[in-house]
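**Student:** Next comes the sequence, and after it the predicted model I'd like to discuss.
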Amino acid sequence: MQFTNYARTLTAALSLAVIAGCSSGGGTQDGEMGGMSSGTSTGASTQGMSSSQGAQGAGMDQRDQMPSETTVYFEFDSSSIPSQYESVLNRNASYLQSHPDTSVVLEGHTDPRGTREYNMALGERRANSVKQYLTIQGVSASQIEVVSYGEERPAMQGNSEQAYAKDRRVVIDY
């Protein structure tokens, strides 16, 4: 009986040590170290550039520059891409075509109206609409992953139409 208590205590201590070891590292999902700054916020600003291109930013081709606009907003209860965002998607498609090793996650979001299940499905439909648009433009489907967050990650807090409009979106995450 004394051996069983010892084994339980040892198992619990080892489990805590493993959990503590896994959780410490100081980094974020983006690969940034907390409290450290290297002059750029992420590696994304130099992705796809050689060192000489980074120094000669003015000489870069438009297709080599990562698009600055990566969000598409949708109408209420719709997964149809509004025409004003086609140029945003075209720039992203052009970049992805010229950088076949780059992948993106299309994050579908909704406002909080509707059930959780409905909003998860709507967020997925929105992200799949963007995926379909990008693949029609020539982007390889293997470069694209679709995720729906539904109403779980609002862009703006509040219950106004202005807040809801910011929540109805797909974010192209490089």
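**Tutor:** The structure has been received and is ready for your questions. Numbers count the residues shown, from 1 in each chain.

**Student:** Backbone dihedrals for residue 167, both of them.
**Tutor:** The phi and psi values for residue 167, taken as degrees, to the nearest 10, are phi -80, psi -30.

**Student:** What about the residue nearest to it when sequence neighbours are not counted, how many residues nearby?
**Tutor:** Using CB to CB, 6 or more residues apart in numbering and skipping the chain neighbours, the partner closest in space to residue 167 is residue 111 (4.1 Å). Every residue, glycine included, has its C-beta placed from N, CA and C. For residue 111, the neighbour count with other CB atoms under 10 Å is 24.

**Student:** contacting residues around residue 111?
**Tutor:** Residue 111 makes contacts with 76, 151, 154, 163, 164, 165, 167, 168, as judged by CB atoms under 8 Å, 6 or more residues apart in numbering.

**Student:** give me the element it is part of.
**Tutor:** Assigned by DSSP states H and E, residue 111 belongs to neither a helix nor a strand.

**Student:** With residue 105 as the reference, measure out to it.
**Tutor:** According to CB to CB, to the nearest Å, residue 111 and residue 105 sit 21 Å apart.

**Student:** what does residue 146 give?
**Tutor:** 8 Å.

**Student:** Those two: which has the busier surroundings?
**Tutor:** Using other CB under 10 Å, the more surrounded residue of residue 146 and residue 105 is residue 146, with 19 against 13.
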